[in-house]
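Predicted model, plus sequence, below.
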Amino acid sequence: MVSPELAKYLSTLSRELGRQVGVLLSRDGVIRSVILGDATHLELPDIGRLRGGTGRFRGLRLVHTHLRGEPITQDDLTDLTLLRLDLVAVIQATDEGDAGKIELAHILPITDDDQKSEPFRKIDARDIYQLKFDFEQEIRALESEFSRITGRRAGETPRERALILCLTPGEAARSEITELVRAAGVEIAEIMVFAGSQIHPRTVVGQGRLQRIALAAMRRSADVAIFDIDLKPNQARAFEDTTGLKAVDRTQLILDIFAQRARSRDGKLQVELAQLKYSLPRLTEEDAGLSRLVGGIGGRGPGETVLEIGRRRARSRIGHLEKEIQQLSKQRSVRRHRRIRLGLPVLSIIGYTNAGKSTLLNALTESEIDTADQMFVTLDTTSRRLRFPKQGDVIITDTVGFIRDLPPDLVTAFRATLEELSDADLLLHVVDASDPGLERKMDAVNRVLNDLELSKVARLVVMNKADRVDPAIMEGICRRYEAVAVSALKRQGLGTLIATAENRIHPR
């Protein structure tokens, strides 16, 4: 674990300088870093970019001195966890400069059944000669056990697995972020709830919670942390630097889902625009490449850094996308005016994501639009013809689902698509009647409509999934919201819906 000669040399140096002295040793025994602290503390260098060792450990061990006889400290254990070190060892430097008592600690691969157990194993000895610890054998056994618990072989490239970090109070918020993660196709390693805790201005959560998160990531073989709140760029970077996990906030997660689901050219352009606007303030030197200057013949002087070039290109692309989207918007406007000249009424289906809007369109028009019990399956606007019993043909349109606190960049990007709602003769507001939080979700949809200045368009509330609700309760809900009850999946109540919609557009 450490040679007697190195232990002695560290202790002698430490006493001569009156400071803690430490080294980071790789598995082949080579000193990778030398660290000089003060009398009571050791500040480790940034090793976040060094390649980790086999399995989930860093492949480095920290050996350092203490001057005042103190045992392994909480700071030592925090470094051990957050940096994913193989182990941490403390050597007591005696007054004579000799290596005295030695104590080491490593992380234990605790399973779900052992959550109350101490997550660290500590071993101590009177001196380096009395220490009974075979480092190579122990680290191999640890990595093998971690691999067994996580169901992963050492060195295997993992599928992306995420810790969900819930900081928003309430079961509804927790359920929603979980659904979003599943919609993104990410494997959930663990859901960790920190609701009610104060947001740390730098790292989002405090040191104690950072340690819990890092331990959970190791045990669950997770490499991503997904937050149910939006992060400031500096918070995301600080969290990533501290834990080694990729930080994804709520907006980034929604943008990723949209990027996966966009099919039409319109949708792809809108998603790319939203992603660029989100990423621009988060663009750093690391993303743009080395911070070197661009010069040469015809470009003498300081020139632009690569970061500045990256930002300029992003702004240029944003401008180009906005022009393309504007052009497509004009084309849609021409098509809308053509429909108006034909005198065809327009119904637009709106609602919270996963309320059953596409299923309802399929049921009404006998179409086969893709549906799934997931958020944001539909991103691209789809139009079909529907025949009213008395008034003849109408156009019925399916739109992207809304969500609480829809990212502003997405609202802006999709404004060109959603502006078609302003020409609708009637909005069918589809609601999942079986959802306990239906009122909150209805309010979220109404807020988006207000933001889009669409609150004055006529609306009919459609309570979908009525087959999952007790009939007496369903009757009360419909009375309260002046709604029509349907089950799009079982094609129940569609006749009443069509008759009510026709009467709203062409009152008798």
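It's in. Residues are numbered from 1 along each chain as shown.

which helix of the chain spans the most residues?
In the chain, assigned by DSSP state H, the helix with the most residues is helix 306-342.

counting contacts, what elements does that helix pack onto?
Contact partners of helix 306-342 among helices and strands, from 3 or more C-beta pairs under 8 Å, 6 or more residues apart in numbering; DSSP states H and E: helix 265-279, helix 285-288, helix 408-418. Where C-beta positions appear, they are placed from N, C-alpha and C, glycine not excepted.

Output the first one in PDB with nothing but the alpha carbons.
The one in question is helix 265-279. Extracted C-alpha coordinates of helix 265-279, given in PDB (Å, rounded to 0.1, in the frame of the first residue of the first chain):
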ATOM      1  CA  ARG A 265     -38.000  19.300 -41.000                       C
ATOM      2  CA  ASP A 266     -40.000  21.900 -39.100                       C
ATOM      3  CA  GLY A 267     -39.700  20.100 -35.800                       C
ATOM      4  CA  LYS A 268     -36.000  19.400 -36.200                       C
ATOM      5  CA  LEU A 269     -35.200  23.000 -36.900                       C
ATOM      6  CA  GLN A 270     -37.300  24.200 -33.900                       C
ATOM      7  CA  VAL A 271     -35.600  21.700 -31.600                       C
ATOM      8  CA  GLU A 272     -32.100  22.600 -32.900                       C
ATOM      9  CA  LEU A 273     -32.900  26.300 -32.300                       C
ATOM     10  CA  ALA A 274     -34.000  25.700 -28.800                       C
ATOM     11  CA  GLN A 275     -30.900  23.600 -28.000                       C
ATOM     12  CA  LEU A 276     -28.500  26.200 -29.400                       C
ATOM     13  CA  LYS A 277     -30.200  29.000 -27.300                       C
ATOM     14  CA  TYR A 278     -29.900  26.800 -24.200                       C
ATOM     15  CA  SER A 279     -26.300  25.800 -24.900                       C
END
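
Near the residue lying closest to Glu453 once chain neighbours are set aside, how many other residues are there?
Sequence neighbours aside, Ser422 is the residue nearest to Glu453 in space, at 7.7 Å (criterion: C-beta to C-beta, 6 or more residues apart in numbering). Ser422 has 13 neighbouring residues, counting by other C-beta atoms under 10 Å.

from memory Ser422 sits against Ser455, does it?
No. The pair Ser422 / Ser455 is not scored as a contact, 10.9 Å apart, by C-beta atoms under 8 Å.

List the contacts of Leu62.
22-25, 44, 76, 79-80, 85, 87-89 (C-beta atoms under 8 Å, 6 or more residues apart in numbering).

Would you agree it falls within a helix?
No. Applying DSSP: H, G, I helix; E, B strand; the rest coil, one finds Leu62 to be strand, outside a helix.

Please tell me the pLDDT value assigned to it.
pLDDT for Leu62: 95.

ok, now how distant is the closest residue to it other than its chain neighbours from Thr78?
Nearest residue to Leu62 in three dimensions, chain neighbours excluded: Val88, at 4.7 Å (C-beta to C-beta, 6+ apart). Applying C-beta to C-beta, to the nearest Å, the value for Val88 to Thr78 is 10 Å.

Between these two, which is the more surrounded one?
Comparing Val88 with Thr78 by neighbour count (other C-beta under 10 Å), the higher total belongs to Val88, at 27 against 17.

Pretty sure Arg315 is one of the things Leu283 touches, is it not?
No. Checked against C-beta under 8 Å, the pair Leu283 and Arg315 is beyond contact range at 10.4 Å.

Using CSV, list the CA coordinates for the helix or strand hosting Met218.
Using DSSP states H and E, Met218 sits within helix 207-220. Provided in CSV are the C-alpha atoms of helix 207-220 (Å, rounded to 0.1, in the frame of the first residue of the first chain):
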residue,chain,number,x,y,z
GLN,A,207,-21.0,18.5,0.8
GLY,A,208,-22.9,15.8,2.8
ARG,A,209,-25.4,15.2,0.0
LEU,A,210,-22.6,15.3,-2.7
GLN,A,211,-21.0,12.5,-0.8
ARG,A,212,-24.2,10.5,-0.7
ILE,A,213,-24.7,11.1,-4.5
ALA,A,214,-21.2,10.0,-5.3
LEU,A,215,-21.5,6.8,-3.2
ALA,A,216,-24.9,6.0,-4.9
ALA,A,217,-23.3,6.6,-8.3
MET,A,218,-20.6,4.1,-7.5
ARG,A,219,-22.9,1.5,-6.1
ARG,A,220,-25.5,1.9,-8.9
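
Contacts for that helix, please.
56, 77-78, 81-82, 84, 107, 109-111, 119, 146, 149-150, 161, 163, 165, 189-190, 192, 194, 197, 203, 205, 222-223, 225, 239, 242-245.

Those residues in strands, which ones?
107, 161, 163, 165, 189-190, 192, 225 (DSSP state E).

Fine by me, we can end here.
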